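Chemist: kindly generate the corresponding structure for this input.
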Amino acid sequence: MIIAFKTTITDPEFMRKYSEYIAETSADKATLVKALEDALANVFGSSQARGGSEKLIPDIPVTDTRIIDALSSVLGGVKITDTEAKFKSSQGSITNENYRYRASTIGESKLTDLLKQAALNTSDTKGITEITEEISKKLNANKGALLFKVLKKDPELFNDFYKKSSFLQLGKKIGDGPVTLTSIYIPKSNFTVPPFKINYSFTESTIKLALDDNYERDLIEKLKESSAISLQEATMEQFIEGLKSLKFKKTSLKVGKVKKDQQSFTISIPTGGSIPMSSTNVVNTKKVVKKVTEPLPQKVISNAQFTSLVQKEAEKRMPKGPLRGPPLSPTVLTYRTGAFVDSIKVIQDLRQNIMTYYYAPNYKIHERKGARAPRFLLQSSIRDTVQQVYSEKFRIIRGF
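Modeler: Just a heads-up that it's a prediction; the model follows:
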């Protein structure tokens, strides 16, 4: 089962670097890509990305054990040690309406002698010793399905392609908005076409692997409906906290027109508490099997009751400290007298699915400094409380 989720990064420095990357047309683009990869590597626990010219080596090592464990809980026990990052770029100012999706090339490799021979054996033309343009067309047909089959005949190369593309990070920035990072984990059982597109360059004798254009576009569009982890400061702690808060909702995502001999994929999308309205799985048969579950019954509690639950949840997340002394956490306020927790108030708008939170104005200084901004603590506390009480997706906003 393919698993996908999205992360928004509003860190000003990261957004600035991404804007420079979009605008840059010179050779410095590679330098800017490396800077973005290094910033992401820092989130995943490494000091910098690997870089270099190795074609099938993932860009970013995942080294922090807390990140690995948090990802494992989301990905069904899979241990992630590497990830590949791809950044979308477009010239000038772009908007959602005119943004063009381009396939993300993941990895490439020269066609080995073994693969050349396997490809030649698939041809009806006898006596040919080199890949011809005619054979190249056959390899590229049906989104590279034949080439993918040939690729599997070289297990080492196939495994290198899989390692490069099993956990992807697709970055995108629209206009002046934040950077959206779409994370996609693809188990080996789903590592096929679609969603991948395999191309063979006749002139370069090179295999190139990319995500299917339609699949990538549809996936990103589908993920717009889900909530995102907000990495305001792009730190490991906030990323881990966001991963721990993810809840799953199953949905189907078709790759173009599904023919009787093709299979689309069930995508698990963590949505932060959406009601599981339906679960659809399209299998490799003539019939489409659909399972639909009714919305869960909803209970309603008062604003005072909900606020009390959020206060308790926030207090649990805060380190306990003396009346005076240095902060006990770089990312969360220290619980000392209970004044901050007592000042928290949440107003529910159940018609529009909005939660508005307030707290004492004297704590706003931490929002400006950023390090222990109360919004991180309150958003995660409210999100978890919403899930416990309503099992539904709510927009969470600050009331001042």
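Chemist: when you work out contacts or count neighbours from here on, use the C-alpha atoms and nothing else.
Modeler: Fine.
Chemist: the helices in the chain, which residues?
Modeler: 12-23, 29-43, 65-74, 113-121, 133-151, 155-165, 213-223, 236-245, 303-317, 339-343, 365-369, 374-389 (DSSP state H).
Chemist: residue 56: which of those helices is closest?
Modeler: Closest approach to residue 56 among the helices of the chain (CA to CA): helix 155-165, 5.7 Å.
Chemist: which helices and strands sit right next to the closest one?
Modeler: strand 82-87, strand 105-110 (3 or more CA pairs under 8 Å, 6 or more residues apart in numbering; DSSP states H and E).
Chemist: ok, and what's touching that helix?
Modeler: Contacts to helix 155-165, defined as CA atoms under 8 Å, 6 or more residues apart in numbering, come from residues 56-58, 82-84, 106-107, 151-152, 186, 188, 191, 209.
Chemist: domain parsing for the protein?
Modeler: 2-106+157-238, 303-398 (automatic domain parsing).
Chemist: quick one: the strands in the stretch 201-350 of the chain, in order.
Modeler: Per DSSP state E, counting those that start in this stretch, the stretch 201-350 of the chain carries strands over the ranges 206-211, 229-231, 248-253, 265-270, 278-281, 289-292, 345-349.
Chemist: compare the ones you listed and say which comes out lowest on pLDDT.
Modeler: With a mean of 27, strand 278-281 has the lowest mean pLDDT of the strands of the stretch 201-350 of the chain.
Chemist: quick one: buried residues of stretch 6-13?
Modeler: Within stretch 6-13, the residues that count as buried by 16 or more other CA atoms under 10 Å are 6, 7, 8, 9, 10, 11.
Chemist: and if you look at stretch 177-189?
Modeler: Within stretch 177-189, the residues scored as buried using 16+ other CA under 10 Å are 178, 179, 180, 181, 182, 183, 184, 185, 186, 187.
Chemist: with distance to residue 347 added, can I get these in TSV?
Modeler: Putting the buried residues of stretch 177-189 into TSV (distance: CA to CA, whole Å) gives the following:
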residue	distance to residue 347
178	27
179	29
180	28
181	30
182	31
183	32
184	35
185	37
186	40
187	42
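Chemist: inside strands: which ones of the residues you listed?
Modeler: Using DSSP state E, the subset of these located in strands is 179, 180, 181, 182, 183, 184, 185.
Chemist: nearest to residue 166 among those residues?
Modeler: Of all those, residue 166 sits closest to residue 185, with 5.6 Å by CA to CA.
Chemist: pretty sure that closest one sits against residue 169.
Modeler: No - counting by CA atoms under 8 Å, residue 185 stays clear of residue 169, with 9.2 Å between them.
Chemist: can you put the contacts of helix 155-165 in TSV and add distance to residue 373?
Modeler: Compiled in TSV, the contacts of helix 155-165 are given as follows (distance: CA to CA, whole Å):
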residue	distance to residue 373
56	40
57	37
58	33
82	30
83	29
84	30
106	36
107	39
151	50
152	50
186	34
188	40
191	41
209	42
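Chemist: what subset of these is buried?
Modeler: The neighbour count (16+ other CA under 10 Å) marks 56, 57, 58, 82, 83, 84, 106, 107, 151, 186, 191, 209 as buried among the contacts of helix 155-165.
Chemist: how many other residues sit next to residue 236?
Modeler: 19 (other CA atoms under 10 Å).
Chemist: nearest residue to it other than its sequence neighbours?
Modeler: With sequence-adjacent residues excluded and distances taken as CA to CA, 6 or more residues apart in numbering, residue 236 is closest to residue 43, at 4.8 Å.
Chemist: likewise residue 50?
Modeler: That would be residue 59: by CA to CA, 6+ apart, it lies 5.5 Å from residue 50.
Chemist: dump the residue contacts of the one you found.
Modeler: Contacts of residue 59 (CA under 8 Å, 6+ apart): 37, 49, 50, 51, 82, 83, 84, 85.
Chemist: where's it relative to residue 161, distance?
Modeler: 13 Å (CA to CA, to the nearest Å).
Chemist: give me the number of residues near the closest residue to residue 360 other than its chain neighbours?
Modeler: Excluding its sequence neighbours, the residue lying closest to residue 360 (CA to CA, 6+ apart) is residue 343, at 5.4 Å. The number of residues packed near residue 343 is 13, by other CA under 10 Å.
Chemist: quick check: residue 343 touching residue 359?
Modeler: Yes - proximity of residue 343 to residue 359 meets the contact threshold set by CA under 8 Å, at 5.0 Å.
Chemist: could you dump the helices and strands packed on helix 155-165 to CSV with mean pLDDT and distance to residue 385?
Modeler: Below are those laid out as CSV (pLDDT from 0 to 100; distance: least, CA to CA, whole Å):
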stretch, mean pLDDT, distance to residue 385
strand 82-87, 89, 32
strand 105-110, 85, 39
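Chemist: ok, which of these comes nearest residue 319?
Modeler: That would be, of these and by CA to CA, strand 82-87, which comes in at 31.8 Å.
Chemist: for the closest one, name the packing helices and strands.
Modeler: strand 60-61, helix 155-165, strand 167-173.
Chemist: low-confidence ranges, the stretch 1-150 of the chain, go.
Modeler: By pLDDT under 70, the low-scoring segments of the stretch 1-150 of the chain are 24-27, 52-54, 89-103, 123-127.
Chemist: circling back: quickly check the ones in strands among the buried residues of stretch 177-189 for the two that are furthest apart.
Modeler: Farthest apart among those by CA to CA are 179 and 185. That separation is 19.4 Å.
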